[in-house]
Each structure stands twice: as C-alpha cells, then as structure tokens.
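I need the structure of the sequence given here:
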Amino acid sequence: MAENKQIPPPYDLNAKWDACLDLTVRRFVYSSFAGAFGGLLFFSPSISPYTAMSTQHDMGSPVTRWASVAFGAGLGLGSAYTECSQKFGGYPTKFLPPKISDAPASQEEQETD
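Modelled structure (predicted):
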C-alpha cells in the first residue's frame, strides 16, 4: 500500500496558494466595500436649498464613486499581493532601522580618535 506522506508546511504549496487566494478575495471584497462606502460618504450629492438653485455640478457623479471603489479594490489587491509574496519567500516588506553599531561614525568622533 502507499504510504501516507505529510508535506512539511514550508514546502506545502497547495496550502500557501489556498491561503493567498482566500486572503486576496477577502481583501478585494472588503476594501471594495470600504471604497464604496467612502465614495457614498465623500462624493454624495449634497441636498440643501442653496445647491438646488445652483446650476454647477457637484462632486456626486457616479464616476467619482466608481473611482473610489476601484481605489479601494486596488489597495486590497496590493496588500494581498505583498503578504502573499512574503509567504512565498519574496522580499521582506518591513525595513528595520540600522543598528547603532552599524551606523557610520560622525566626523567629530573620527577626529577625536
């Protein structure tokens, strides 16, 4: 009979792809909803007696609301891509500040030595 071999977690690509697909879909949907809410909140047509008599167009066009949805979706996809590339061994996304011992000495310290 065939042996039941377990793949170690660092080499299990199916689990990584499943996690990345799940993360991408969730972040895309949630950030699109956040963009839609922001578009309705910031770019809704204002209703007041002064704007009713005005002939100028306000910022409440559907194009600006769709642009905010697209911006939110792009943020979600970008953040999911960053985290997935980190899971697959890509470049680290967090930059650490240099250690004090690694920093070059100032000119004053070099002159005293």
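
how about the helix or strand harbouring Y81: buried residues?
Here Y81 sits within helix 62-87, counting by DSSP states H and E. Neighbour counts using 16 or more other C-beta atoms under 10 Å place R65, S68, V69, F71, G72, A73, L75, G76, S79, A80, E83, C84 of helix 62-87 among the buried residues. (C-beta placed from N, C-alpha, C; glycine too.)

K5 - how many residues pack around it?
The number of residues packed near K5 is 5, by other C-beta atoms under 10 Å.

and it, which of the three is it?
Classification of K5 by DSSP: H, G, I helix; E, B strand; the rest coil places it in coil.

Switch the buried residues of helix 62-87 over to TSV, and while doing so, append pLDDT and distance to G39 to every line.
Putting the buried residues of helix 62-87 into TSV (pLDDT from 0 to 100; distance: C-beta to C-beta, whole Å) gives the following:
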residue	pLDDT	distance to G39
R65	87	4
S68	92	3
V69	94	6
F71	96	9
G72	95	8
A73	96	12
L75	96	13
G76	96	15
S79	93	19
A80	93	21
E83	89	25
C84	89	27
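
name the helices or strands packed onto the longest helix seen in the chain?
Looking across the chain with DSSP state H, the single longest helix is helix 13-42. Helices and strands touching helix 13-42, by 3 or more C-beta pairs under 8 Å, 6 or more residues apart in numbering; DSSP states H and E, are helix 62-87.
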